[in-house]
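Q: Pasting the sequence and the predicted coordinates here, then a few questions.
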Amino acid sequence: MADTPETAPPKPRPSAGTFDELPLHPSLRRGIAEMGYLEPTPIQRDAIPAAVGGRDLIGTAQTGTGKTAAFLLPILERLMAAPRGRIHALVLTPTRELALQAVGFLEALGRHSELRSGAVYGGVGMAEQERALRGRAEIIVATPGRLLDHMSRGYVNFRELSILVLDEADRMLDMGFLPDVRRILRELPSRRQTLLFSATMPPEVLQLAREFLHDPKTVQVGETTAAAVGVSHLALPVPAHRKTDLLRALLEDETMTSVLVFARTKHRADRLARQLALAGLDVGVIHGNRSQNQRVQALERFRAGRHRLLVATDIAARGIDVEGISHVVNYDLPDVPEAYIHRVGRTARASLQGVALSFFSADEENDFHRIERHLGVKIPLSRVPGFDYERPAPALSGAAASRRGSGGDDRRRGGRTQYGGRAPYREQRGGGERFNRQRRDSRGRR
Ligand code: AMP
């Protein structure tokens with residue numbers, strides 16, 4: 001299966017020159033060097049000069065290509081000499097995790113500048129955020145709902161704002177977020193620079209985006225319908241009640257070192273995490289019903305390698321930038337094909353190799369084909385040798401059934417899976433081309 005050209009992702013453009021060729025202040029170049037970035041990624045090379053020059057921008061690039069720094073560096077550069085104590089730039093993101101991440105990058109990249117940033121998102125106290133909004137930060141990264149809360153209290157002053165970024169713009173401009181985003185935009189000066197970044201950009205969203213932009217330059221790296229470069233995709237058809245056991249069988253493969261598992265609902269995520277924990281696996285869970293603390297903790301443990309598995313709902317799909325996720329498993333397929341791209345983009349970050357495994361049961365077959373059509377490729381199917389796909393669902397009483405959940409326990413019933421040895425999906429690895437990523441050390445993330 002190593003040579004399945006239909007699934008080969010598009011090749012990234014060759015080397016993108018050096019950071020010295022970009023119009024960036026020496027103090028920013030120091031920050032960049034300390035992050036271990038040796039050369040700009042293609043999106044950075046294309047976007048930074050235009051954005052530093054003041055142009056509006058629509059940037060589309062696959063996940064994991066360095067989009068965040070592509071919009072944060074121009075902000076830092078343009079604000080280098082701006083007076084302190086006022087909000088000059090606002091970055092809107094759909095999730096708290098993304099907001100925290102962006103602020104982490106701002107602090108690291110802007111370490112040698114005097115610019116300050118603050119994250120504003122729900123689920124935590126207002127006081128510190130209020131201080132940031134009252135002049136403690138020149139750059140605010142916010143989720144829309146919480147920012148509107150603060151704005152309604154009357155102390156947020158956007159009169160000096162000169163740069164707005166919509167990160168994950170396709171999501172920010174969809175029906176869920178759009179009313180909030182419009183309310184915020186109404187309060188911003190109309191003479192400003194607007195940058196819009198996303199991995200996917202459906203035409204109707206693009207149309208809408210143009211309302212907010214003035215003569216934008218479009219910067220596109222790779223196909224926006226494509227998933228991250230470096231990801232090998234495999235699909236595993238499986239009866240719904242056998243999904244948990246299939247996952248456990250796969251996990252006998254020790255190369256699955258750091259596995260992000262997506263479930264469709266909070267309830268299914270919780271149940272799966274419980275089943276895996278009962279089977280002795282180190283697993284964390286992250287979804288919208290978990291407190292901010294629990295979410296941060298689960299993510300930190302996963303990042304630190306203390307959890308081999310993190311079970312998540314789609315809320316986590318865009319927010320997670322964890323180095324070295326070896327596998328993304330779609331325990332349930334996402335509802336919309338765009339979400340597939342974002343999910344699998346959590347692996348193969350910055351061009352490392354990764355594997356995306358998608359389980360699908362009979363009633364998910366249509367969703368699967370929709371994803372294939374959206375990606376424009378055929379995802380190879382695979383079966384785990386020796387795994388008993390046909391084992392019937394255990395006939396349990398209601399209470400016991402809900403305790404047990406879907407999928408039984410092979411070991412307890414003496415039916416230990418025979419899965420072992422070389423996993424078929426591993427033959428898929430190595431298909432992706434890398435952009436030239438040479439990093440010396442950690443990224444100084446918070
Ligand atoms: P993003 O697409 O912004 O989510 O970034 C994905 C990952 O690429 C992050 O972990 C960044 O730290 C990393 N990254 C961004 N720019 C570069 C660069 N020029 N060289 C190497 N890694 C980078």
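A: All right, it came through fine.

Q: just checking, what packs against the helix or strand where residue 260 lies?
A: Taking DSSP states H and E as the criterion, residue 260 maps to strand 259-262. Where contact means 3 or more C-beta pairs under 8 Å, 6 or more residues apart in numbering; DSSP states H and E, strand 259-262 is packed against strand 309-312, strand 327-330. (Glycine included, C-beta is placed from N, CA and C.)

Q: Could you dump these into JSON lines with mean neighbour count added?
A: Converted to JSON lines, the helices and strands packed on strand 259-262 look like this (neighbours: other C-beta atoms under 10 Å):
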{"stretch": "strand 309-312", "mean neighbour count": "28"}
{"stretch": "strand 327-330", "mean neighbour count": "27"}
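
Q: looking at the ones you listed, which is closest to the ligand?
A: strand 327-330 (14.7 Å; C-beta to the nearest ligand atom).

Q: Adjacent strands (with direction) for the closest one?
A: strand 259-262 (parallel), strand 354-360 (parallel) (DSSP bridges).

Q: just to revisit the earlier point, what's the average pLDDT for the helix or strand just after the strand holding residue 260?
A: Next helix or strand after strand 259-262 toward the C-terminus (DSSP H and E): helix 266-278. Helix 266-278 shows a mean pLDDT of 95 in the predicted model.

Q: distance between helix 266-278 and the chain's centre?
A: 22 Å (C-alpha atoms, centre = their mean, to the nearest Å).

Q: now this protein, which segments are flagged as low pLDDT?
A: 1-16, 62-63, 175, 204, 222-231, 316-321, 347-353, 395-446 (pLDDT under 70).

Q: Mark out where each domain of it begins and ends.
A: 19-221, 231-415+422-445 (automatic domain parsing).

Q: May I see the ones you listed arranged in JSON lines, with distance to the ligand as well?
A: Shown next, in JSON lines, are those (distance: least, C-beta to the nearest ligand atom, whole Å):
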{"stretch": "domain 19-221", "distance to the ligand": "3"}
{"stretch": "domain 231-415+422-445", "distance to the ligand": "3"}
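
Q: by contact count, what packs against the helix or strand harbouring residue 51?
A: Using DSSP H and E, residue 51 falls within helix 42-52. Judged by 3+ C-beta pairs under 8 Å, 6+ apart, helix 42-52 is in contact with strand 57-61, helix 67-79, strand 193-198, strand 217-221.

Q: Switch the ones you listed over to a markdown table; also include mean neighbour count.
A: Below are these laid out as a markdown table (neighbours: other C-beta under 10 Å):
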| stretch | mean neighbour count |
| --- | --- |
| strand 57-61 | 24 |
| helix 67-79 | 24 |
| strand 193-198 | 25 |
| strand 217-221 | 19 |
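
Q: quick one: which of those is nearest residue 292?
A: helix 67-79 (21.0 Å; C-beta to C-beta).

Q: ok, then the element right after that closest one?
A: Using DSSP H and E, the first helix or strand after helix 67-79 is strand 89-92.

Q: strands paired with that following strand, and their directions?
A: strand 139-142 (parallel), strand 163-166 (parallel).

Q: so of those strands, which one's packed in deepest?
A: Highest mean neighbour count among the strands paired with strand 89-92 (mean count of other C-beta atoms under 10 Å): strand 139-142, with a mean of 27.

Q: ok, then the element right after that strand?
A: helix 144-152.

Q: Mind giving me the packing neighbours of that following helix?
A: In terms of contacts (3+ C-beta pairs under 8 Å, 6+ apart), helix 144-152 is packed against strand 117-120, helix 127-131, helix 178-186.

Q: Need the contact partners of that helix.
A: For helix 144-152, contacts defined as C-beta atoms under 8 Å, 6 or more residues apart in numbering pick out 92, 120-122, 126, 129-130, 133, 140, 156, 172, 177, 180-181, 183-184, 187.

Q: Give me the buried positions along that helix.
A: By neighbour count on 16 or more other C-beta atoms under 10 Å, the buried set for helix 144-152 is 144, 146, 147, 148, 150, 151.

Q: quick one, what contacts residue 368?
A: So residue 368 contacts 235, 333, 358, 360, 379 (C-beta under 8 Å, 6+ apart).

Q: neighbours of the third one, just the number please.
A: Spelled out, that is residue 358. Residues lying near residue 358 (other C-beta atoms under 10 Å) number 26.

Q: partner residues bridging it?
A: Counting by DSSP bridges, residue 358 is bridged to residue 235, residue 330.

Q: Residue 285 belongs to a helix?
A: No: read with DSSP: H, G, I helix; E, B strand; the rest coil, residue 285 is strand and lies in no helix.

Q: show me the contacts for it.
A: Residue 285 touches 269, 270, 273, 298, 310, 311, 312, counting by C-beta under 8 Å, 6+ apart.

Q: Number of residues surrounding the second one?
A: Burial of residue 270, expressed as a neighbour count using other C-beta under 10 Å, amounts to 18.

Q: check contacts around it.
A: Per C-beta under 8 Å, 6+ apart, neighbours of residue 270: 285, 287.

Q: Against residue 240, how distant is it?
A: The gap separating residue 270 from residue 240 is 17 Å, by C-beta to C-beta, to the nearest Å.

Q: Likewise for the last one?
A: Residue 312 sits at a distance of 19 Å from residue 240 (criterion: C-beta to C-beta).

Q: repeat for residue 199
A: With C-beta to C-beta as the criterion, residue 199 and residue 240 are 29 Å apart.

Q: out of these two, which sits in the busier spot?
A: The neighbour comparison of residue 199 against residue 240 (other C-beta under 10 Å) goes to residue 199, with 27 against 16.
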